[in-house]
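Colleague: fold the following and give me the result.
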Amino acid sequence: MDHMAKIAVVAILIEDVSVSDQVNGLLHQYAEKIVGRMGIPYREKNVNIISVVMDATPDEINSLSGNLGRLSGVRVKVLTA
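Modeller: Predicted coordinates for the structure are as follows:
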């Protein structure tokens with residue numbers, strides 16, 4: 001493990017399902033840093049929720065969350081340990 005690596009939980013709310021392919025593409029780019037992910041389609045609220053656990057450097061975590069946050073209809077929050 002990289003001595004600078006942190007464990008992070010990235011919470012992603014997708015309110016516009018038309019960007020789902022872009023979200024998945026970004027997650028694929030960071031696949032080797034992702035420990036696991038869980039997706040929940042919350043149909044009653046018309047939102048998709050993805051929880052991603054990463055073991056990555058702060059720069060990698062910030063890069064992923066920043067790229068996700070720039071997508072229209074996507075909200076992102078990060079918790080690091």
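
Colleague: for the residue nearest to the spatial centre of the chain, helix, strand, or coil?
Modeller: Nearest to the geometric centre of the chain sits V10, at 4.8 Å (C-alpha atoms, centre = their mean). Following DSSP: H, G, I helix; E, B strand; the rest coil, we place V10 in the strand state.

Colleague: do the one 10 residues further on as well
Modeller: What three-state DSSP gives for S20 is helix.

Colleague: spatially nearest residue to it, not counting backbone neighbours?
Modeller: Once flanking residues are discounted, S20 sits nearest to I14: 6.1 Å by C-beta to C-beta, 6 or more residues apart in numbering. The C-beta positions use only the backbone N, C-alpha and C, and glycine is treated the same way.

Colleague: residues near that neighbour, how many?
Modeller: Neighbours of I14 under the rule other C-beta atoms under 10 Å: 23.

Colleague: any regions of the protein where pLDDT drops low?
Modeller: Low-confidence regions of the chain, defined here as pLDDT under 70, cover residues 1-3.

Colleague: who are the packing partners of the lengthiest helix in the chain?
Modeller: When secondary structure is assigned using DSSP state H, the longest helix within the chain turns out to be helix 58-69. With contacts defined as 3 or more C-beta pairs under 8 Å, 6 or more residues apart in numbering; DSSP states H and E, the secondary structure elements packing on helix 58-69 are strand 6-14, helix 20-29, strand 47-56, strand 74-80.
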